[in-house]
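Engineer: model the structure of this input:
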Amino acid sequence: MIMLWLLACTETKENTCVDVGDGPTVAFVEQTEKWGLDGINAVGTRVSAVDFDGDGWTDLFIRKDGSSDDFAGDARSSWLLRNNEGNGFVDVTESSGIRTPRNGGKGRPGQVVAFGDVDNDGDLDVYTGYNADGSRDETSELMINNGDGTFSIGDESNEFRNSSAAKPAGAAFVDYNLDGKLDLWLGQANATQDLLFWGYGDGTFVDVTRGVNLQTRAWSGNALDDINNGGGHTVSWSAAACDLNNDGYPDLLSASYGRAPNHLWEGAADGMFINRSVSSGYAFDENQDWSDNESARCWCTLNPSDTGCDGVPEPEKIRCEQDDDAFRWNHSTDREPYRLGGNSGATICADINNDGWNDLLTTEIVHWDVGLNSDSSSILINNQTQEVSFTRPDLEEVGITRTHDIVDWNDGDITGTIFDFDNDGRKDLYIGSTDYPGTRGLLYHQQDDGTFVEVGLEQGLLHNRSHGVAVADFDRDGDLDIVIGHSSGRCDDDCPESFHARIYENQWEAKRNFVQIALIGGSGSNKSAVGARVEVTHDGVTQMQEVGGGYGHYGAQNDLVLHFGVDASCELDVKVTWPNAARTEQTFTVEAGARYTIHQDEGLQE
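Structural biologist: Here you go, the predicted model:
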């Protein structure tokens, strides 16, 4: 049996493999009014795109901050929006019960979000993380999907509700030991221990962090070597999980703010993890020359006999005096490797270069005065080694560059995503830059030689203060649309009049071919197929994607339906590797121009 979900229609019909023609004049058109987002006024900086009600149309969950929600006026903080079969979004936040509080009242707080089928009953449940400050009785919660578009609050015994998990900044569902039940990986802010919770498969979770060798240590002045080697806590701003060495077992990532090392934990068949943060090249880049930092130059100008100051030039653009404490430099610690990395917002896993291995994109905040040692938003290309390692290509050579019109510039790169916007079979990059004057979203198109070119604003994707992003084929016409949130931080004259999220419809439609794959896990796998690997081969090219369980700054998620652009190809070979202990493989031949649902135990379904 073949289950054929034809896009932009509900009845079954022939696949639509198109004759490839010229691309559209404009790649994206803002259709916020058409979809009703301006009327709903979903003011958000966190965006997730999943089909929470299982009707085949991708919905949205937009959040503003961690405050409680009274579902009215300016006090709103979250919006669960049901996709009305491509005819706009409908606000179902209150009626769905997704914000049901445990202790009475109206809407429960929580902005960190990840979706996954934790009880394997065929619908998506949701973790909602709350950065508890002690002023409310509420905590992080698991909301169980009832299968009818509503949610019920989860078990009160869940250990991610306790004080040790009170500072979540990122969440990802993952089956780390391939037992067919989803687990939960949480990045923790404020230099505390990142946490892994093992799922029982019934909606309850227990903390296994220390038992699987994920433990890090508190920072202290006499433990610099430990911190430099990635042994100290992160100041996590996001979490992610994906298989980076093709051994079938997920690896865990925690991207760190505050120029602290990012963490990478390599998973293994025994369920234990190895810290590869520094050795992989993920913790920070190799540039540890601090002498072009304007504040460091100022310090050395005032204290020329201090260690390392010999030969450091005077600052070029700031003035410093002996009693001036405005410059930012601690000479005893800021020369350490752990302080010469980046301010990481998010890490995104994807096979960027179609070699069958997951690479990484990191987004970074960079300030003009810090110097070149501060990590910029970068691609990390997988070296295809069993001990995970990466190469960072030169940004100029790969084409991920930008110009700045002012001296005191800031790159506010916090969010991002990777997707093939023009269906040419090569993955493109979107980096959301926010919170500073002059920042905007940046879309980079991958060329056939693997380099990138920024897509011009005339292609329709001008979005200042881009903060929060999700992609999906919301209108089911065969290309990926994009929803982007707004920041209101440090507003200047480039901020929008309204901070509601905006949707940009992709105009490629029938210009190039595509295939979409929806997976349902079966024997030994989690039902939402998180961690499954799909390879699509056409005309000698093989693309690979994994089904994700959430990633990014305070929770981001793209549709679990995998979208592959296949250019002019019509017949495609599809290989699925399921996320169970046996790593079950299945292969199919399909036609382009359709969405297929593959059930692990029943194959292609109709």
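Engineer: show me where pLDDT drops low in the stretch 1-150 of the chain?
Structural biologist: Scanning the stretch 1-150 of the chain for pLDDT under 70 picks out the ranges 1-15, 133-136.
Engineer: can you give me the helices in it?
Structural biologist: 32-35, 37-40, 93-96 (DSSP state H, counting those that start in this stretch).
Engineer: turn those helices into CSV, including distance to residue 107 and mean neighbour count.
Structural biologist: Using the backbone N, CA and C atoms, a C-beta is placed for each residue, glycine as well. Formatted as CSV, the helices of the stretch 1-150 of the chain follow (distance: least, CB to CB, whole Å; neighbours: other CB atoms under 10 Å):
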stretch, distance to residue 107, mean neighbour count
helix 32-35, 23, 18
helix 37-40, 16, 18
helix 93-96, 7, 18
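Engineer: how about those in JSON lines, adding distance to residue 312?
Structural biologist: As requested, those are exported to JSON lines (distance: least, CB to CB, whole Å):
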{"stretch": "helix 32-35", "distance to residue 312": "50"}
{"stretch": "helix 37-40", "distance to residue 312": "51"}
{"stretch": "helix 93-96", "distance to residue 312": "55"}
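Engineer: relative to residue 150, which of those helices is closest?
Structural biologist: helix 93-96 (5.4 Å; CB to CB).
Engineer: just the CA trace of the closest one, in PDB.
Structural biologist: Coordinates of each C-alpha in helix 93-96 appear next as PDB, following Å, rounded to 0.1, in the frame of the first residue of the first chain:
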ATOM      1  CA  THR A  93      -3.700  28.300  22.900                       C
ATOM      2  CA  GLU A  94      -6.300  28.500  25.700                       C
ATOM      3  CA  SER A  95      -8.600  25.800  24.300                       C
ATOM      4  CA  SER A  96      -5.800  23.300  23.700                       C
END
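Engineer: what is that helix packed up against?
Structural biologist: For helix 93-96, the elements it packs on are strand 78-83, judged by 3 or more CB pairs under 8 Å, 6 or more residues apart in numbering; DSSP states H and E.
Engineer: what do you get if the cut-off is 10 Å, keeping everything else the same?
Structural biologist: strand 59-63, strand 78-83 (3 or more CB pairs under 10 Å, 6 or more residues apart in numbering; DSSP states H and E).
Engineer: so which of those strands gets nearest residue 166?
Structural biologist: With CB to CB as the yardstick, what comes closest out of the helices and strands packed on helix 93-96 is strand 59-63 (18.1 Å).
Engineer: let me know the angle separating that closest one from strand 78-83.
Structural biologist: Orientation check (axes from the mean of the first three to the mean of the last three CA atoms, to 10 degrees): strand 59-63 against strand 78-83 gives 170 degrees.
Engineer: list the contacts of residue 569.
Structural biologist: Contacts for residue 569 (CB atoms under 10 Å, 6 or more residues apart in numbering) come out as 17, 20, 425, 512-515, 536-541, 591-592.
Engineer: quick one, phi/psi of it?
Structural biologist: phi -70, psi 150 (degrees, to the nearest 10).
Engineer: the residue lying closest to it once chain neighbours are set aside - how many residues pack around it?
Structural biologist: Excluding the flanking residues, the one nearest residue 569 by CB to CB, 6 or more residues apart in numbering is residue 538, at 3.6 Å. Residue 538: 21 surrounding residues under other CB atoms under 10 Å.
Engineer: isn't residue 538 right up against residue 573?
Structural biologist: Yes - Residue 538 is in contact with residue 573 according to CB atoms under 10 Å; the separation is 7.5 Å.
Engineer: identify the bridge partners of residue 170.
Structural biologist: On the basis of DSSP bridges, residue 170 is bridged to residue 187.
Engineer: is it true that it touches residue 235?
Structural biologist: No - Residue 170 sits out of contact with residue 235 when judged by CB under 10 Å, with a separation of 11.5 Å.
Engineer: what do these two both touch?
Structural biologist: The contact sets of residue 170 and residue 235 overlap at 187, 188, 189, 254, 255 (CB under 10 Å, 6+ apart).
Engineer: ok, these vs residue 209, which is closest?
Structural biologist: Using CB to CB, these come closest to residue 209 at residue 188, 10.1 Å.
Engineer: show me the contacts for residue 248.
Structural biologist: If you count contacts by CB under 10 Å, 6+ apart, then residue 248 has 178, 267, 269, 531, 533, 577, 579, 580, 581, 582, 583 around it.
Engineer: returning to that earlier point: residue 170 and residue 235: which is more packed in?
Structural biologist: Ranked by neighbour count (other CB under 10 Å), residue 170 and residue 235 place residue 170 first, with 31 against 24.
Engineer: that older thread, tell me how far the residue nearest to residue 569 lies from residue 590.
Structural biologist: 10 Å (CB to CB, to the nearest Å).
Engineer: intersection of neighbour lists for these two?
Structural biologist: 515, 570, 571, 572, 573, 574.
Engineer: out of those, who has the most neighbours?
Structural biologist: Top of those by neighbour count (other CB under 10 Å): residue 515, with 28 neighbours.
Engineer: now that one, what's its secondary structure?
Structural biologist: Secondary structure for residue 515, judged by DSSP: H, G, I helix; E, B strand; the rest coil, is strand.
Engineer: model confidence for it, exactly?
Structural biologist: Each residue has a pLDDT score; the one for residue 515 is 97.
Engineer: also the one 5 residues further on?
Structural biologist: Note on residue 520: pLDDT of 98.
Engineer: and what of residue 494?
Structural biologist: On the pLDDT scale, residue 494 is placed at 85.
Engineer: leaving out sequence neighbours, find the closest residue to it.
Structural biologist: For residue 494, the closest residue by CB to CB, 6+ apart turns out to be residue 464, at 4.8 Å.
Engineer: wait, that neighbour sits on residue 441?
Structural biologist: Yes - counting by CB under 10 Å, residue 441 is a contact partner of residue 464 at 8.1 Å.
Engineer: so what sits against both of the two?
Structural biologist: What both residue 464 and residue 441 touch, as defined by CB under 10 Å, 6+ apart, is the set 433, 434.
Engineer: these two: who's more crowded?
Structural biologist: Ranked by neighbour count (other CB under 10 Å), residue 464 and residue 441 place residue 441 first, with 23 against 18.
Engineer: now do the contacts for that one.
Structural biologist: Counting by CB under 10 Å, 6+ apart, residue 441 has contacts 413, 415-416, 430-434, 461-467, 469, 482, 484, 504.
Engineer: need the buried ones from the residues you listed selected in ChimeraX.
Structural biologist: Restricted to buried positions by 16 or more other CB atoms under 10 Å, the ChimeraX selection for these reads:
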select :413,415,416,430,431,432,433,434,461,463,464,465,466,467,469,482,484,504
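Engineer: just the shared contacts of residue 538 and residue 590: which are in strands?
Structural biologist: 515, 571, 572, 573, 574 (DSSP state E).
Engineer: show the buried residues in the contacts of residue 569.
Structural biologist: Taking 16+ other CB under 10 Å as the criterion, what is buried in the contacts of residue 569 is 17, 425, 512, 513, 514, 515, 536, 537, 538, 591, 592.
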